[in-house]
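# sequence and predicted structure below; questions after.
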6 protein chains.
Amino acid sequence: MIAHSFQGEVFGPAQRLHGATYVVDATFRREELDADGLVVDIGLASTTLKAVLGELDFRNLDEEPAFTGKNTTTEFLSRAIFDRLVAAIRAGRLGEGARGLERLSVTLHESHVAWASFEGAV
Amino acid sequence: MIAHSFQGEVFGPAQRLHGATYVVDATFRREELDADGLVVDIGLASTTLKAVLGELDFRNLDEEPAFTGKNTTTEFLSRAIFDRLVAAIRAGRLGEGARGLERLSVTLHESHVAWASFEGAV
Amino acid sequence: MIAHSFQGEVFGPAQRLHGATYVVDATFRREELDADGLVVDIGLASTTLKAVLGELDFRNLDEEPAFTGKNTTTEFLSRAIFDRLVAAIRAGRLGEGARGLERLSVTLHESHVAWASFEGAV
Amino acid sequence: MIAHSFQGEVFGPAQRLHGATYVVDATFRREELDADGLVVDIGLASTTLKAVLGELDFRNLDEEPAFTGKNTTTEFLSRAIFDRLVAAIRAGRLGEGARGLERLSVTLHESHVAWASFEGAV
Amino acid sequence: MIAHSFQGEVFGPAQRLHGATYVVDATFRREELDADGLVVDIGLASTTLKAVLGELDFRNLDEEPAFTGKNTTTEFLSRAIFDRLVAAIRAGRLGEGARGLERLSVTLHESHVAWASFEGAV
Amino acid sequence: MIAHSFQGEVFGPAQRLHGATYVVDATFRREELDADGLVVDIGLASTTLKAVLGELDFRNLDEEPAFTGKNTTTEFLSRAIFDRLVAAIRAGRLGEGARGLERLSVTLHESHVAWASFEGAV
């Protein structure tokens, strides 16, 4: 649940300070399941995703140093969260089984009809 | 898609400036349908609801004079929008058929799981 | 999945022959559960609702004798289906346990945002 | 995510040991908002609901002493969770502001189309 | 909200004149965001999609010259709308930024469970 | 609506006998529509999917011979149902038109937020 504003005439009234609720989904892909029959430990995945989102939640993104000079659009944020989740996977925070993950996508739903997603290799 | 902040320890991190997307539903009730077989003219109802929401959308509610000194919680806003819709019905903006409406409820969905609603007589 | 048209200027382009998918929910209410711990036998309720809907599905409602001279709006149809379900309950088609049902509501969803409902005593 | 079985011919194949995911919603109602502009502290409400559900999650309900001799139908369980939430409200676990709550409903969604609910005074 | 009928025994009762509500989603894909941090101008995209759908809405598709001799199945219509949106993108109706779009998919939801989609290069 | 338990510390409380409702979607893909303008006969596809699911519904999967020694995780089950649907397609149970299907995905939704999917060539 963040506040932000956008730079650029294309944004119209969204150039004013406003806000959004993002409902965030992460999708993990791999060719073969791990030894437990899992794609990923959903408990660790949820905890890690919540931790990543906790760094942004209830904030004014216009004041976040990491995003200086950027429009924090839904599509920009989906990439930013993707990058942080990939770093967490590589650091082992989703467990050893998660080393077999091949692709990740992160989707931010900004309303019941509008969303953006970023997908790439882990 | 509004920005706002809350006053009061109960709000924790939501005391910071943050934001929310509200998906807003209005429900109209009456005992008998009008002569066209309608509860309400859904075209006029949609147009009027959009106009009411347009007064709040893409804004920082902390700076709205109408809400000075109030926490613009989801439940508070559902009542505020209810009041504006009732005024529009009484002013005839939903058509003559809408004079037969008896009850109205306004629901604000702030995420896929959290919502608040206000219901009362028209 | 029905075709129909409406009479009356209020309907604008919906005066032309067009169509709609209705997703139909029935909600049954009672003070006390029956001896099996049920509000209603969901199997019999589903079968009966499907039979009632089967009388209308894949048809042009403009040609249904039961609806002559009526606008088959979503709100009108929710009442028509309510009446047929109540008749089925009284005829015992939902089982003996269903004799204890007190209220019924029928909701027709015509899109992901628009719906109409009729509720009354059984 | 519970396992259970039912007693009674009306249940057909559900007399076998099987299982269900329940998605549980609680709805709190009151005439007037509290001093903070809230119906209820959603943080405390969520924590308490999770604690109540945690007593039942990942279990075989056929072996729960509290439910001996009962069919743990969706409608039965919605009442059981309602009773535990009301007890928590009265015990002050949802905060002092929650003393003003008047009605509560608990809904268990057992699939995307089937649900049961219990509503009553707090 | 269209009316239509189908030719072919495989369609059973859907050979009769009936109708459907289609909820239509368009998904735009590109490797890199544009200079504003966008995949596409969602305002222009929505306006253009509504204009494309407005050519079909509230009509009997059996009488549309563009579809003569075709079964206007959900999958057929998703392709037809895809083609019209691609033409609009190429004509610049989604703005200069949209020239960088690489793929488009169009999904028609015909009920809460059934849908069809067409995806291809822009 | 199945019961099962899991082997392995990673599963925590899900090592106990518990259960789940799975809402199952099948998605069929092909380059070109068949002669009737269809991807697949949705009636035959629904009937066949229900038959495949009927082999598993209202059962304790710990006692299913086909799954001995396996954790019947959501991701494992999506593959198992995929395999059975592919066999049905090859056996002609979805009709001659279905011989042109190229890819199939099967998705099991285990709650409103968690799901797993398997996709492959038919």
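Done, it's in.

# most remote residue from the middle of chain A, which is it?
Residue farthest from the centre of chain A, counting by CA atoms, centre = their mean, is residue A:35 at 27.4 Å.

# that residue and residue A:96 touch, don't they?
No: applying CB atoms under 8 Å, one finds residue A:35 not in contact with residue A:96, separated by 9.8 Å. Bear in mind the C-beta positions are built from the backbone N, C-alpha and C, glycine included.

# what's the neighbour count on residue A:3?
Neighbour count of residue A:3, defined by other CB atoms under 10 Å in any protein chain shown: 26.

# same check, this time on residue A:104
Around residue A:104 there are 20 residues (other CB under 10 Å).

# cool, and residue A:15?
When neighbours are counted by other CB under 10 Å, residue A:15 comes out with 14.

# per-residue pLDDT, it?
At residue A:15, the model reports a pLDDT of 97.

# and for it, nearest residue in space, chain neighbours not counted?
Residue nearest to residue A:15 in three dimensions, not counting chain neighbours: residue A:6, with 5.6 Å by CB to CB, 6 or more residues apart in numbering or on different chains.

# and the residue farthest from the centre of chain A, what does it touch?
Contact analysis of residue A:35 by CB atoms under 8 Å, 6 or more residues apart in numbering or on different chains lists residue A:97.

# gap between it and residue A:41?
12 Å (CB to CB, to the nearest Å).

# ditto for residue A:119
Look at residue A:119 and residue A:41: by CB to CB, they are 21 Å apart.

# the more surrounded of the two?
Set residue A:119 next to residue A:41 and count neighbours by other CB under 10 Å: residue A:41 wins out with 20 against 15.

# surely residue A:38 is within a helix?
No: judged by DSSP: H, G, I helix; E, B strand; the rest coil, residue A:38 forms no part of a helix; its state is coil.

# touching, residue A:77 and residue A:107? I think so.
No: under the criterion of CB under 8 Å, residue A:77 is not in contact with residue A:107, lying 10.7 Å apart.

# between these two, tell me which one has more neighbours.
Per other CB under 10 Å, whichever of residue A:77 and residue A:107 has more neighbours is residue A:77, with 26 against 19.

# tell me the secondary structure for that one?
Assignment for residue A:77 (three-state DSSP): helix.

# ok, it - contacts?
Residue A:77 sits next to A:22, A:56, A:108, A:116 when contact means CB under 8 Å, 6+ apart.

# neighbours of residue A:36, how many?
17.

# which residue packs closest to it, ignoring adjacent ones?
On the basis of CB to CB, 6+ apart, the spatially nearest residue to residue A:36 that is not a chain neighbour turns out to be residue F:8, at 4.7 Å.

# check the gap between the residue most central in space within chain A and residue A:112 for me.
Among the residues of chain A, the one closest to the centroid is residue A:81, at 2.9 Å (CA atoms, centre = their mean). To residue A:112, residue A:81 is 20 Å away according to CB to CB.

# count the residues that sit near the closest residue to chain E within chain A.
Distances between chain A and chain E by CB to the nearest CB are smallest at residue A:71, namely 3.8 Å. With neighbours defined by other CB under 10 Å, the count for residue A:71 comes to 22.

# sec struct for it, please.
Per three-state DSSP, residue A:71 ends up coil.

# all strands of chain A, in order?
Using DSSP state E, the strands of chain A run over residues A:2-4, A:18-20, A:23-29, A:103-109, A:115-121.

# and chain A, which residues reach chain C?
Residues of chain A lying near chain C by CB under 8 Å from any CB of the partner chain: residue A:112.

# up against chain E, what does chain A have?
So chain A meets chain E at A:6, A:8, A:10-12, A:70-73, A:75-76, A:113-114, A:116 (CB under 8 Å from any CB).

# right, and the pair among those residues with maximum separation?
A:70 and A:113 (24.6 Å; CB to CB).
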